[in-house]
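J.: Need coordinates for the below:
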Amino acid sequence: MTFEPTGNALSLQPPVLCESTNTTTVESGDALSLGVLLEELAAGSEQLAMIPLSERIRLVEAVRKNVVRVSREWVDCSTAIKQKEPTDHIRSEEVLSGPVATARYLLLLGRTLREINTTGGPRLPGRICRGADGRLLVPVMPVSGLFDRLAFMGFRARVRMRAGISPSTLAEHTAGRFRRSQSARSPRVTVVLGAGNISSVPILDVCDRIFARSEAVLLKLHPLHRPLKPIFKRLLAPLIDYGCLRIISGDAETGSRVVTHPSVDAIHITGGVETHDAIVWGPPGPESDERRRFNQPLLEKTISAELGNVSPWIIIPGRFTKGQLEYQAENVASSVINNAGCNCVATRVLVTWRGWQHREHFVDRVAEVLKQAEPRDAWYPGATERFADFSGQNPDGDRLRATMMRDIDPGSDSPFFTREPFTCVLAEVGLEAATPEEFCLRAADFCNNTLWGTLSATLTIPSSLRRGHAARDRLDRWVATLRYGMVGINQWVGLSYILASPPWGGHPDSSRDDVQSGNARVHNTFLLDGVDQVVFDGPLTTFPRPSWFPSHRNPEPLSWALLDLCARPGWKALWRLIRCA
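T.: Presented below is the predicted three-dimensional model:
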C-alpha cells in the first residue's frame, strides 16, 4: 500500500517552475559536452555573485514549492532503488530522509534569508548561554512557527562554538558571507559529488552551495541515483533555468574528468574517505605517499568533504526504569537497521560498562530487536561482502538481517574500530572500570583515540545524572571532551539531519592529510561559522515512538503528515500529524 501526501494544495499550482528549459546533458563526461556545461556555469556564477537577496529568496521559495510536487515520484523511485518489495517502514524512511528533510531545510533557510534582508541577521530561537567550559552554546532548535515544541516535544539542539567567540562577536560568525558587499564575492564553480545512500544529500549540498555560499554547481550524481535525475531536474528547475546549476550522471571516469577540469574552482564530496584521499592525493601507492610526505596535493583546489564515521553509542550506567531500558534498546537497534545500515551516522559500536548490572539484559534486548526486524535487500554496492567480513556470517542470498557481534575486546585491532562497515552490523564493547565515573573517562578516551572518525556519537544518560546545576555542568564538561562534531543525548543523532537547522559535519580538528569525517558543515540554516560541536538533546522515552522504530505501527502516513507540516505549517497540518502518530 502507498500513501499520497495529504492536503497538498501546492500540487494544484501552475507547474511552470517544475520543468527546466535547459536541455544540455552529459552522460559519459565527454570533453565537449562537459566544456559546454562549465561555460554555462561560469556565466551563471558571475550572475550568482551579484544576485540580490530578494532574488535568492525567490529561488529558495520556488524550489521549496517543487518539493511537494515531486515528492510522491521521488519516494517511489528512491524506494525502488533500495528494495524490491518495500515495507511501510522503508517507504517512511525515504519520505523522512528525502522530501521532509529538504522541505524543512528550504523553509528554514528561506526564513533566515528574509530575516537577513529585513534586520541584517537571522533571529535565533532562544537565548545564548555559556557551557561549563566557558564556550558559547547557541540554540538552533526548537524553532518557532513549525510547532517543534509539540511535534518534537522535549528535544533541543545547541551549538557549542569555538573558543574565543563571545556574545559580542557572535554576530561576526553568523551569516558572514552576506555581510560582505556583492563586489567582494568572487564567482566560483563548484563540483558536488553526490552521495548515493540518502536521496536528499545531493539536493541539500547543491542548495547549501548555491544559496548559502553563492557558488554555481555542477552536480555529479552517484550511479545509484541515476533514475532520480529527471525528478531532481524538475525539483531544481528554477536553479537550472537561472544558470547556476547543471546535473550530470556517469561513472568514476566521469567524476575524474569533472574534478580535474580547469574550469572547476572547488569540489565538495559527501561519501567515503577513500574517495576524498584519491582526489586530493591520487590513487594509493608510492606516488600518493610521496605527495602526502611533501604536502603536495594532486589538485590545488578547495576541497570540502562530509565523510563517514565509526559512530559509537555510549550507555552511561545508572538507574533506569524498565520502560526506559526497553525504549533505549530499540533506539540503538533502530539506528543500525535504518537504511540497512548505510548511513554515515549509523551506530557501529555500542559501548557499555562491564560493571553495569543491566548490561547483559540491555545487550540481549538490542540483539533481539535486530533479530526480529525485517531483513533488507543488500542494495548498496559491496554491502553483502562487508556484512560477511564484519559479522563472519554468510548472508542468505541478497537479503541482510541486522546483527550484533558481542564483547569485542577494546584492546584488539578489530576492524570495527578502524573501518566503517556501511552495512547493518553492530559491535558491542564492554569497558573495565572501577566506578561509573571512571567508565565515562575511559569511554571518552576509547571513542576519541581508538574509533575512527569525528562525525557523531550518541549517549544514553540516566536522569539522575542530570538533576541539579552541578550535575548538569559535570555532564556538559564531559560531553565537550568528546571529539565529535555532533553528539546526541538519549536520541539518535541521525534525527538532526531531518531537523536541518543544526549544523551537520565532523569535528573541526581535521587536516588535509588526516581528514577524518571531513572539513565541511552543511544544513546549518542559521548560517553559523566557528562551530565546534552540536549537542542534540532529547528525552529518554517519547510517546509515540519515532516512526523509524520497528515497533511503530503507522510509519508511512506519519512521515507524509510531517511533510505536510513542513510544507504548509499550521494547526490543521499539526492535527493530521497527531492523528497519524
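J.: any idea whether Val351 is helix, strand or coil?
T.: For Val351, the secondary structure call by DSSP: H, G, I helix; E, B strand; the rest coil comes out as strand.
J.: Not counting sequence-adjacent ones, nearest residue to it?
T.: Taking CB to CB, 6 or more residues apart in numbering as the measure, Val351 lies nearest to Ile314, with 4.5 Å between them; neighbours along the chain are not counted. Quick note: C-beta positions are derived from backbone N, CA and C, even for glycine.
J.: For my notes, confirm the one you found occurs in a strand.
T.: Yes. According to three-state DSSP, Ile314 belongs to a strand.
J.: correct me, but it touches Cys447?
T.: Yes. In this structure Ile314 lies within contact range of Cys447 using CB atoms under 8 Å: 7.0 Å.
J.: domain assignment for the chain?
T.: Using automatic domain parsing, the domain parsing of the chain gives 31-122+176-271, 312-472.
J.: Let me have those domains in JSON lines, extended by mean pLDDT and distance to Gly488.
T.: Written out in JSON lines, the entries for the domains of the chain read as follows (pLDDT from 0 to 100; distance: least, CB to CB, whole Å):
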{"stretch": "domain 31-122+176-271", "mean pLDDT": "94", "distance to Gly488": "16"}
{"stretch": "domain 312-472", "mean pLDDT": "97", "distance to Gly488": "4"}
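J.: Out of these, the one nearest Leu299 is which?
T.: Closest to Leu299 of the domains of the chain is domain 31-122+176-271 (CB to CB; 6.9 Å).
J.: What is the neighbour count of Pro167?
T.: For Pro167, the number of neighbouring residues by other CB atoms under 10 Å comes to 12.
J.: quick one: the helices in the stretch 201-350 of the chain?
T.: All helices of the stretch 201-350 of the chain, identified by DSSP state H, counting those that start in this stretch, fall at 201-207, 229-235, 237-242, 252-260, 273-281, 286-293, 322-337.
J.: highest average neighbour count across these?
T.: Using mean count of other CB atoms under 10 Å, the stretch among these with the largest mean neighbour count is helix 201-207, at a mean of 25.
J.: right, and the domains of the chain - which one's nearest Trp560?
T.: With respect to Trp560, and counting by CB to CB, the nearest of the domains of the chain is domain 31-122+176-271 at 6.0 Å.
J.: Now do that closest one: distance to the chain's middle.
T.: For domain 31-122+176-271, the gap between its own C-alpha mean and the chain's C-alpha mean amounts to 15 Å (CA atoms, centre = their mean, to the nearest Å).
J.: can you list contacts of stretch 395-408?
T.: Counting by CB atoms under 8 Å, 6 or more residues apart in numbering, stretch 395-408 makes contact with 333, 336-337, 340-341, 349-350, 363, 366-367, 370-371, 373, 375-378, 383-384, 387-388, 390-393, 414, 416, 423-430, all of which sit outside it.
J.: so of those, which ones are in strands?
T.: Counting by DSSP state E, the members of the contacts of stretch 395-408 that fall within strands are 349-350, 376-377, 425-430.
J.: which residues do Ile314 and Cys447 both contact?
T.: When contacts are counted by CB under 8 Å, 6+ apart, Ile314 and Cys447 are jointly contacted by 351, 457.
J.: Among the ones in strands among the contacts of stretch 395-408, which one sits closest to Thr169?
T.: Among those, Val349 lies closest to Thr169 (CB to CB), at 37.7 Å.
J.: re the thing from before, ok, so of the ones in strands among the contacts of stretch 395-408, who is nearest Arg359?
T.: Gly430 (6.8 Å).
J.: Write down the beta-bridge partners of that closest one, one by one.
T.: Residues found in beta-bridge contact with Gly430 (criterion: DSSP bridges) are Thr352.
J.: ok so, going back, out of the ones in strands among the contacts of stretch 395-408, who's nearest Lys229?
T.: Where those are concerned, and distances follow CB to CB, Lys229 has its nearest neighbour in Asp377, at 21.7 Å.
J.: So the closest one is in contact with Cys342, correct?
T.: No. Asp377 is beyond contact range of Cys342, at 11.0 Å (criterion: CB under 8 Å).
J.: Report the contact partners of Asn394.
T.: With contacts defined as CB under 8 Å, 6+ apart, Asn394 is in contact with Ala388.
J.: do you know how far it is from Val60?
T.: Asn394 sits 49 Å away from Val60, going by CB to CB, to the nearest Å.
J.: what do you get for Glu420?
T.: Taking CB to CB as the criterion, Glu420 is separated from Val60 by 33 Å.
J.: that older thread, can you tell me which of the contacts of stretch 395-408 are buried?
T.: Neighbour counting with 16 or more other CB atoms under 10 Å marks 333, 336-337, 340-341, 349-350, 363, 366-367, 370, 373, 375-378, 383-384, 387, 390-391, 414, 416, 423-430 as buried within the contacts of stretch 395-408.
J.: can you give me the strands in the stretch 451-581 of the chain?
T.: 456-460, 486-489, 503-504, 522-523, 531-537 (DSSP state E, counting those that start in this stretch).
J.: List the neighbouring strands of the first one plus their orientation.
T.: Here strand 456-460 has these sheet partners by DSSP bridges: strand 311-315 (parallel), strand 486-489 (parallel).
J.: ok, back up a step: out of the ones in strands among the contacts of stretch 395-408, which one sits closest to Val191?
T.: Sorting those by distance to Val191 puts Asp377 at the head of the list, at 30.5 Å, by CB to CB.
J.: And the residue nearest the centre of the chain?
T.: Per CA atoms, centre = their mean, the C-alpha nearest to the average position across the chain is that of Tyr497, at 4.4 Å.
J.: Okay, and the nearest residue to Ala367 once chain neighbours are set aside sits in which element?
T.: Distance criterion CB to CB, 6+ apart; nearest residue to Ala367, sequence neighbours excluded, is Met404 at 5.0 Å. Met404 is part of strand 403-405 when elements are defined by DSSP states H and E.
J.: Sheet partners, orientation included, of that strand?
T.: Applying DSSP bridges, one finds strand 403-405 paired with strand 425-431 (parallel).
J.: Please enumerate the helices of the stretch 401-550 of the chain.
T.: So, for the stretch 401-550 of the chain - with DSSP H, counting those that start in this stretch - the helices run 415-418, 436-449, 469-480, 495-499.
J.: looking at those helices, which is buried most?
T.: Per-stretch averages of neighbours, counted by mean count of other CB under 10 Å, single out helix 495-499 among the helices of the stretch 401-550 of the chain, with a mean of 23.
J.: Could you export the domains of the chain as TSV, including distance to Ala157?
T.: Supplementary listing: the domains of the chain in TSV, determined by distance: least, CB to CB, whole Å:
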stretch	distance to Ala157
domain 31-122+176-271	12
domain 312-472	13
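J.: quick one, which of the ones you listed is nearest to Ala581?
T.: Of all those, domain 31-122+176-271 sits nearest to Ala581, with 12.5 Å by CB to CB.
J.: rewinding a little: out of the helices of the stretch 201-350 of the chain, flag the one nearest Gly120.
T.: When those are ranked by proximity to Gly120, the top entry is helix 201-207, at 22.3 Å, counting by CB to CB.
J.: Could you export that closest one as CSV, CA atoms only?
T.: Output of helix 201-207 as CSV, limited to C-alpha atoms (Å, rounded to 0.1, in the frame of the first residue of the first chain):
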residue,chain,number,x,y,z
VAL,A,201,22.1,14.6,0.3
PRO,A,202,22.9,15.9,-3.2
ILE,A,203,19.9,18.2,-3.1
LEU,A,204,20.9,19.8,0.2
ASP,A,205,24.5,20.0,-0.8
VAL,A,206,23.5,21.9,-4.0
CYS,A,207,21.3,24.3,-2.1
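J.: which helices and strands does it pack with?
T.: The helices and strands touching helix 201-207, judged by 3 or more CB pairs under 8 Å, 6 or more residues apart in numbering; DSSP states H and E, are helix 101-119, strand 189-193, strand 216-220, helix 229-235, strand 266-270, strand 522-523.
J.: do that again at 6 Å, thanks
T.: The criterion is 3 or more CB pairs under 6 Å, 6 or more residues apart in numbering; DSSP states H and E, and the helices and strands that helix 201-207 contacts are strand 216-220.
J.: Can you name the residues that contact Ala378?
T.: The contact partners of Ala378, taken as CB atoms under 6 Å, 6 or more residues apart in numbering, are 384, 398, 400.
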